[in-house]
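**Student:** With the sequence up front, the predicted model follows.
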Amino acid sequence: MSDGRHTCPVCGYAQLEEPHLDAVGEPTYSICPSCGTQFGADDLTTSHEALRKLWLDGGAAWWSEAKPAPAGWSASAQLESAGFAATPKHG
């Protein structure tokens with residue numbers, strides 16, 4: 001993205017400060033504040049699609065307590081904006 005932000009491949013949150021993979025394809029071990037996925041740990045043996053389903057099945061709530069959700073945040077709008085077909089149960 002031109003503003004230096006990156007999109008979470010699990011939940012579609014488009015304001016990650018770090019990508020999930022670095023320039024050589026190694027995980028950054030950063031954590032998405034929206035879904036809580038830690039890249040290089042949670043997605044080591046579980047696909048992004050499966051992690052998305054787990055997040056959705058758990059209610060698709062904002063994960064981070066340290067970083068508040070953006071004003072008007074909606075999990076369903078975020079997913080739709082990212083082009084993910086799944087619809088959350090909540091949000």
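**Tutor:** Right, received. Where do you want to start?
**Student:** Count the neighbours of Gly83 for me.
**Tutor:** Residues near Gly83, counting by other Cβ atoms under 10 Å, number 8. In short, each C-beta sits where N, CA and C put it, glycine included.
**Student:** Render the CA-only coordinates of the longest helix seen in the chain in CSV, please.
**Tutor:** Longest helix in the chain by number of residues (criterion: DSSP state H): helix 48-57. Written as CSV, here are the backbone C-alpha positions of helix 48-57 (Å, rounded to 0.1, in the frame of the first residue of the first chain):
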residue,chain,number,x,y,z
HIS,A,48,-5.2,-18.0,6.8
GLU,A,49,-8.6,-19.3,5.6
ALA,A,50,-8.9,-21.6,8.6
LEU,A,51,-7.8,-18.9,11.0
ARG,A,52,-10.4,-16.6,9.4
LYS,A,53,-13.1,-19.2,10.0
LEU,A,54,-12.0,-19.6,13.7
TRP,A,55,-12.1,-15.8,14.1
LEU,A,56,-15.6,-15.7,12.5
ASP,A,57,-16.9,-18.7,14.5
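**Student:** Any buried residues in that helix, and which?
**Tutor:** Within helix 48-57, the residues that count as buried by 16 or more other Cβ atoms under 10 Å are His48, Leu51, Arg52, Trp55, Leu56.
**Student:** what do you get for stretch 56-66?
**Tutor:** Under 16+ other Cβ under 10 Å, the buried positions of stretch 56-66 are Leu56, Ala60, Trp62, Trp63.
**Student:** Stretch 13-26 now?
**Tutor:** Under 16+ other Cβ under 10 Å, the buried positions of stretch 13-26 are Tyr13, Gln15, Leu16, Pro19, His20, Leu21.
**Student:** Am I right that the first one sits in a helix?
**Tutor:** No - the secondary structure assignment for Tyr13 gives coil rather than a helix, going by DSSP: H, G, I helix; E, B strand; the rest coil.
**Student:** If anything else comes up later, I'll come back, but that's it for now.
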